[in-house]
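Enquirer: Below: sequence and its predicted model.
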Amino acid sequence: MKIHELLSDETKWTQNVHARDKDGHPLWSSHPQAVCWCLMGAVDKCYPGTNRVGELIVSKIKMPIDEWNDLLERTYEDVYSLVKNLDI
C-alpha cells in the first residue's frame with residue numbers, strides 16, 4: 001500500500017504521534033488498531049525497514065519528517081499533496 005492510499009482522507013491523518021486508535025489514543029504505526037497516522041507513521045507502516053522513502057521525502061521538505069508534519073500550520077492537504085505527487 002502506498003502512503004497516499006493509507007492517508008486517503010483527512011480522518012486518517014494525525015499530528016504529534018505516529019498513529020492513533022479510534023478513540024485518539026497514541027499507538028505505534030504498525031499496531032493493528034491504528035486508524036490514523038502522521039506522515040512518519042505512514043512511512044513506517046507502508047515501507048517498513050527502508051530509509052529510501054524517508055530520504056525522498058526529506059529531500060523535498062528539507063527538514064525532519066516529524067517536524068514538518070507537526071507544524072501548527074501544516075494541513076492534511078499539504079501532506080496528501082506531497083505523497084500523491086511523489087507517488088508513494
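Expert: Thanks, I have it. Numbers count the residues shown, from 1 in each chain.
Enquirer: got a list of what the residue nearest the centre of the chain touches?
Expert: Nearest to the mean C-alpha position of the chain, counting by C-alpha atoms, centre = their mean, stands Leu39 at 1.6 Å. Applying C-beta atoms under 8 Å, 6 or more residues apart in numbering to Leu39 gives the contacts 3, 7, 13, 57, 65-66, 68-69, 79, 82-83. (Glycine included, C-beta is placed from N, CA and C.)
Enquirer: Nearest to Pro48, out of those: which one, please.
Expert: Ile3 (12.4 Å; C-beta to C-beta).
Enquirer: What is the neighbour count of the closest one?
Expert: 25 (other C-beta atoms under 10 Å).
Enquirer: now swap in Arg74 and tell me
Expert: 16.
Enquirer: Am I right that it is in a strand?
Expert: No. Assigned with DSSP: H, G, I helix; E, B strand; the rest coil, Arg74 falls outside any strand and is coil.
Enquirer: For Gln33, give me its contacts.
Expert: Taking C-beta under 8 Å, 6+ apart as the test, what Gln33 contacts is 21-22, 27.
Enquirer: of all the residues you listed, which comes closest to Ile61?
Expert: Checking the contacts of Gln33 one by one against Ile61 (C-beta to C-beta), the nearest turns out to be Leu27, at 24.2 Å.
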